[in-house]
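A.B. asks: Need a 3D model of the sequence below.
(one chain, ligands or ions: 1)
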Amino acid sequence: MNCRMIQGAKIVSTGSAIPSVRVDNEKMSSFVDTSDEWIFTRTGIKERRVLTDLDKSIIDLSIDASFEALKSINMHPSEIDLVILATSSPNDLFGSASKIQYEIGAINALAFDLTAACSGFVIGLVTAAQFIFTGAYKNVLVIGSDVLSKWVDWSDRSTCILFGDAAGAVILQSCNSSSNSILNFNLNTDGKYSNYLSIPYEESFDTHPILKLRQGCFKYISMNGKEVYKFAVSKVPLSIINSLTEINMSTKDIDWLLLHQANERIISAIADKLSISSDKIISNLSKYGNTSAASIPLALNEALKLKKISRNDIIVVAGFGAGLTWGTIVIRW
Ligand code: COA
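C.D. replies: As a prediction, this is how the structure comes out:
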């Protein structure tokens with residue numbers, strides 16, 4: 001991290017929301033050729049939540065998560081200066097953040113979407129921290145929210161078993177720089193491999209009679225599972241080590257490892273590489289699957305409710321996913 005800090009930043013509140021419809025591995029086996037045994041041993045996932053209500057979207061989940069975060073510290077929505085919505089499944093290609101800003105009553109806030117797939121929350125939190133470090137804003141609401149069930153091919157057993165829908169939110173607040181809790185970050189992109197994980201736009205063959213335009217639509221999630229697995233297990237540990245080394249810390253200082261909840265085998269392999277014991281891993285993947293940008297704030301909110309995290313604990317948060325993008329934030333709680 002190399003930035004001029006006028007103010008420090010700290011997470012003062014969290015919230016999350018999940019749809020009520022639960023789809024377990026048995027249910028998955030009723031419509032694709034798979035089994036609970038295959039899914040659980042390959043991924044650690046037992047069930048996931050899906051948003052089935054016709055009139056509901058990431059906006060509704062995001063509003064619920066945001067209200068939980070606001071209420072838990074009795075903050076009035078008008079105190080929020082900025083809303084960052086990390087999502088890859090907006091309801092509107094021009095962005096969904098503004099609808100959330102309106103619906104929660106954050107009348108003084110700028111709101112924008114940030115698209116970085118499963119790394120979206122990490123990049124969103126780092127973005128929020130920059131606005132706070134410079135003294136520009138005091139309270140930033142960062143939401144990670146995805147409803148990838150809208151973009152999953154439910155007949156493709158290699159992808160549909162992985163994903164679930166959810167939203168998570170945190171409020172990042174300015175504080176004295178000596179109390180800053182965002183100790184360091186490390187963000188990376190390698191667009192060379194963007195085709196390993198994507199929701200491609202496909203043009204139709206309809207052409208405009210005069211302009212010869214082609215218009216199309218987005219299709220389903222396409223993924224090279226093996227390559228994504230190798231990418232995560234090789235790149236994320238390096239990012240974590242770099243971000244710790246830069247601030248004279250080591251993996252021994254980690255109290256909690258909070259990784260993007262993609263696959264239990266990925267999480268364990270990264271922890272093994274870093275020699276981090278399993279009791280320091282925060283994981284709720286078995287209940288929700290991969291909820292993309294929502295997975296980290298959802299797991300963080302749950303860990304806090306379970307009173308796992310104590311003041312001054314060092315939490316290493318790392319996200320990875322489509323782009324390809326990956327990154328780490330070191331937090332002192
Ligand atoms: N149920 C049963 N069999 C399945 C299956 C399913 N849901 N999905 C795939 N298979 C089959 C394949 O067809 C293949 O059969 P074959 O050997 O007859 O061809 C076999 O299982 C092995 O498939 P493979 O793709 O090699 O499995 P894998 O061990 O690599 O596991 C993933 C697949 C997707 C679980 C794994 O690659 C992975 O987790 N990758 C990372 C994905 C990820 O996390 N993406 C999001 C990142 S943000």
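
A.B. asks: Could you check how far the closest residue to the ligand within the stretch 1-150 of the chain is from Met249?
C.D. replies: Relative to the ligand, the nearest point of the stretch 1-150 of the chain is Thr34 (3.2 Å; CB to the nearest ligand atom). For every residue, glycine as well, the C-beta is placed using N, CA and C. Here the criterion is CB to CB, to the nearest Å. By it, Thr34 lies 41 Å from Met249.

A.B. asks: now Ile18
C.D. replies: On the measure of CB to CB, Ile18 and Met249 end up 33 Å apart.

A.B. asks: more neighbours, those two?
C.D. replies: A count of neighbours by other CB atoms under 10 Å puts Ile18 above the other of Ile18 and Met249, at 23 against 17.

A.B. asks: I figured the more buried one was touching Val147, is that so?
C.D. replies: No. Look at Ile18 against Val147 with CB atoms under 8 Å: they stay out of range, at 11.1 Å.

A.B. asks: Need the overlap of contacts for those two.
C.D. replies: Leu61, Asp165 (CB atoms under 8 Å, 6 or more residues apart in numbering).

A.B. asks: All the helices of the stretch 51-200 of the chain, residue numbers only.
C.D. replies: 58-72, 97-104, 120-133, 157-160 (DSSP state H, counting those that start in this stretch).

A.B. asks: Could you tell me the angle between the first one and helix 97-104?
C.D. replies: When axes from the mean of the first three to the mean of the last three CA atoms, to 10 degrees is applied, the directions of helix 58-72 and helix 97-104 differ by 50 degrees.

A.B. asks: quick one: average pLDDT of helix 58-72?
C.D. replies: The average pLDDT for helix 58-72 rounds to 98.

A.B. asks: circling back to that earlier point, surely the residue of the stretch 1-150 of the chain closest to the ligand touches Arg157?
C.D. replies: Yes. With contacts counted by CB under 8 Å, Thr34 reaches Arg157, the gap being 4.9 Å.

A.B. asks: Tell me which residue in the stretch 151-300 of the chain sits closest to the ligand.
C.D. replies: Gly225 (2.9 Å).

A.B. asks: Within range of the ligand, give me the residues from the protein.
C.D. replies: 34, 38-39, 42-43, 118, 157-158, 161-162, 223, 225-226, 228-229, 262-263, 290, 321 (CB under 6 Å from any ligand atom).

A.B. asks: Of the residues you listed, which belong to helices?
C.D. replies: Cross-referencing the residues of the chain next to the ligand against helices under DSSP state H gives Trp38, Ile39, Arg42, Thr43, Arg157, Ser158, Gly225, Lys226, Val228, Tyr229.

A.B. asks: count of neighbours near the second one?
C.D. replies: Spelled out, that is Ile39. Ile39 has 22 nearby residues by other CB under 10 Å.

A.B. asks: dump the residue contacts of it.
C.D. replies: Neighbouring residues of Ile39 by CB under 8 Å, 6+ apart: Asn25, Met28, Ile45, Lys46, Ile161.

A.B. asks: now swap in the fifth one and tell me
C.D. replies: Applying CB under 8 Å, 6+ apart, one finds that Arg157 lies in contact with Val32, Asp33, Thr34.
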